[in-house]
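> Sequence first, predicted model second:
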Amino acid sequence: MRECDKDLDLQKRVKPVLFVIAQLLLYEQEEGLEKVYSLHEPHVECIAKGKAHKKYEFGCKASFVVTHREGFVIGAQALHGNPYDGHTLKQALTQAEKNASRKIEQAYVDKGYKGHRVSGCEVICSGSKRQFNRRQWQDVKRRQAIEPHIGHMKSDGKLGRNYLRGLLGDKLHVMFCAIGHNMRLICNYLRGQHQPLRV
């Protein structure tokens, strides 16, 4: 501390670390302070998954908008503050429409997006009790196809672990994973088109 008083550059570098340490020391005494889960990434949040094998995850939520048939990611964003999924749908669809340069008419989502308050787009939640015709029922079941894409992004695209620092690092990491996933889909398609002739 005495060295910090003499050196202004050192004071600037040490100040954020001292603030996090003060938060840790005062957390038990004062109410209203945010809990710190990581010293080098103090903005990390605890996300309750509700699954038996993994009850909690630490980081931030990621939102993806994927095309219905091809599986291309047309919208990707990191969501800080652990928001309710239904409140993030409008922002996700707006970003996807801007990237795709066209209006999204139908969106298929899971049960976590109930209470979304989105207008101008037909939002169909899986598990809803409304009556569907055969085509709509197939499309609702097709929503499950996004799970393997997320799995591939976690395993092949390294979405499960972010090595970039700060809030900006979280946002960039999600975007890079989405771009990498789209590139892998394009490469797989081109490999399938140009298979060698068998004699």
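Sure, I can see it. Numbers count the residues shown, from 1 in each chain.
> Which strand or helix spans residue 17?
helix 8-26 (DSSP states H and E).
> Mind exporting the C-alpha coordinates of that helix to PDB?
Extracted in PDB, the C-alpha atoms of helix 8-26 (Å, rounded to 0.1, in the frame of the first residue of the first chain):
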ATOM      1  CA  LEU A   8       0.500   6.500  -9.700                       C
ATOM      2  CA  ASP A   9       0.900   3.900 -12.400                       C
ATOM      3  CA  LEU A  10       1.000   1.100  -9.900                       C
ATOM      4  CA  GLN A  11      -2.000   2.600  -8.100                       C
ATOM      5  CA  LYS A  12      -4.100   2.400 -11.300                       C
ATOM      6  CA  ARG A  13      -3.200  -1.200 -11.900                       C
ATOM      7  CA  VAL A  14      -3.800  -2.300  -8.300                       C
ATOM      8  CA  LYS A  15      -7.000  -0.300  -7.600                       C
ATOM      9  CA  PRO A  16      -9.400  -2.800  -9.300                       C
ATOM     10  CA  VAL A  17      -7.800  -5.800  -7.500                       C
ATOM     11  CA  LEU A  18      -8.100  -4.000  -4.100                       C
ATOM     12  CA  PHE A  19     -11.800  -3.200  -4.900                       C
ATOM     13  CA  VAL A  20     -12.500  -6.900  -5.500                       C
ATOM     14  CA  ILE A  21     -10.700  -7.900  -2.300                       C
ATOM     15  CA  ALA A  22     -12.700  -5.300  -0.300                       C
ATOM     16  CA  GLN A  23     -15.900  -6.700  -1.800                       C
ATOM     17  CA  LEU A  24     -14.800 -10.200  -0.600                       C
ATOM     18  CA  LEU A  25     -14.000  -9.000   2.900                       C
ATOM     19  CA  LEU A  26     -17.200  -6.900   3.300                       C
END
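> Could you shift the numbering so residue one becomes 59, and keep it that way?
Right, with 59 as the first residue, what we last looked at is helix 66-84.
> roughly how far is that helix from the heart of the chain?
29 Å (CA atoms, centre = their mean, to the nearest Å).
> just checking, what packs against that helix?
Under the contact definition 3 or more CB pairs under 8 Å, 6 or more residues apart in numbering; DSSP states H and E, helix 66-84 sits against helix 60-64. For every residue, glycine as well, the C-beta is placed using N, CA and C.
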